[in-house]
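Student: Give the three-dimensional model of this entry:
(one chain, ligands or ions: 1)
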Amino acid sequence: MEPKIIVHGGAWDIPDEHVSDHVKGVHHAVETVAPLLRQGMTALEAVERAVNLLEEDPTFDAGRGAFLNAEGNIELDAMIMDGESLDFGCVAAMRNLLHPVSVARKVMDSKDFRFLVGEGAMRFAMNNGFSELPPEELLTERELTFFHSIKNDQSFSQIEAFSGRSDTVGAVALDENGNLACATSTGGTPRKHPGRVGDSPVIGSGGYADNETGAASSTGYGETIMRVVLCKTACDLIPDRGPAEAANRALEILHRKGKGYGGLICISPEGNYGFAHNTPRMAYALAQGHDVRADISVK
Ligand code: GLY
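Tutor: Here you go, the predicted structure:
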């Protein structure tokens, strides 16, 4: 089986001046991980590594560069899923970590649970060798300026603010053994209520992987993505329609039934890619043989 990987770096009206950073960021993730996949890395390791690179890049709303919540704090959510076993790990409302997706990966290996949130998730992370960073190591000038530029009162609408910004990151991969995996990581929505959790760490909504159907990762406004369980919806459509049409159809369902905006990437068990968005732009990169195609898809 020829290994494959596709990543996304958010779906929104990415301004012209940020296009180059988005393309560079997603290109770097695929350029780094695709050769490792060809050398035998598993799909699960590949999606974790790719998302780690996107979390480290201040361009995106994940790890470094995350939005601030209503109290000016960073709260992070992430998930990872293995398409062979259908096993998964999820974390939500974690403070000041560079790699929440790797905490989710550790959660997946635990004996008694698969989804940890808040203080318990932080304690688990600290006990497993992760460090809480000083907020200034994750906070960017850009996010601080944005935080101060949006209102924090009754008239403030998450949907209005979010339709302008959606930089959640994700990856899906197929390895040489035919196994699929997905991972997604986010700082959530700008000025979100403390404790608010969106779609990204929720299995089926922010990501899904099943060797029999496909793997997907999403980005967009979580409250609407969860209404239609977007990634599971896309994966279920892949066997009959193929990944390109499945992605389009899932986005049509998000728009029509979920009244939402966003994007997704997906892959079939045969290694065919799909991606779609109903926002003006989406950043993505994919491996094609030994080449990388990185671009901004425009609606
Ligand atoms: N899709 C990211 C969020 O809504 O939190």
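Student: Tell me how many other residues surround the residue lying closest to residue 228 once chain neighbours are set aside.
Tutor: Once flanking residues are discounted, residue 228 sits nearest to residue 258: 4.2 Å by CB to CB, 6 or more residues apart in numbering. Using the backbone N, CA and C atoms, a C-beta is placed for each residue, glycine as well. Neighbour count for residue 258, taken as other CB atoms under 10 Å: 22.
Student: which SS state does residue 258 fall under?
Tutor: On the three-state scheme (DSSP: H, G, I helix; E, B strand; the rest coil), residue 258 is labelled coil.
Student: what's near enough to touch it?
Tutor: The contact partners of residue 258, by CB atoms under 8 Å, 6 or more residues apart in numbering, come to 224-225, 227-228, 230.
Student: need the residues of the stretch 151-299 of the chain near the ligand, please.
Tutor: 168, 186, 188-189, 198-200, 219-222 (CB under 6 Å from any ligand atom).
Student: Among those, show me the least confident.
Tutor: Within those, residue 189 has the lowest pLDDT, namely 89.
Student: Provide the contact partners of stretch 114-121 at residue level.
Tutor: 87-94, 103, 107-108, 124, 195, 197, 201.
Student: so what's the residue lying closest to residue 109 once chain neighbours are set aside up against?
Tutor: Spatial nearest neighbour of residue 109, chain neighbours left out: residue 89 (7.4 Å); criterion: CB to CB, 6+ apart. Residue 89 sits next to 79-80, 103-110, 114-115 when contact means CB under 8 Å, 6+ apart.
Student: follow-up on the earlier one: okay, and which of the contacts of stretch 114-121 map to helices?
Tutor: 103, 107-108, 124 (DSSP state H).
Student: Intersect those with the contacts of the ligand.
Tutor: Among those, no residue sits close to the ligand (CB under 6 Å from any ligand atom).
Student: What about those, which one has the most neighbours?
Tutor: In terms of neighbours by other CB under 10 Å, the ones in helices among the contacts of stretch 114-121 top out with residue 103 at 26 neighbours.
Student: now that one: how far from residue 48?
Tutor: 11 Å (CB to CB, to the nearest Å).
Student: List the contacts of residue 75.
Tutor: 66, 69, 93-95, 187-188, 192, 194-196.
Student: of all the contacts of stretch 114-121, which two lie farthest apart?
Tutor: Greatest spatial distance in the contacts of stretch 114-121: 87 and 195, 26.3 Å, computed using CB to CB.
Student: ok so residue 224 is a helix residue?
Tutor: Yes. Using three-state DSSP, the assignment for residue 224 is a helix.
Student: That one contacts residue 254, correct?
Tutor: Yes. Assessed by CB atoms under 8 Å, residue 224 is found in contact with residue 254 at 6.6 Å.
Student: Identify the contacts common to the two.
Tutor: What both residue 224 and residue 254 touch, as defined by CB under 8 Å, 6+ apart, is the set 260-262.
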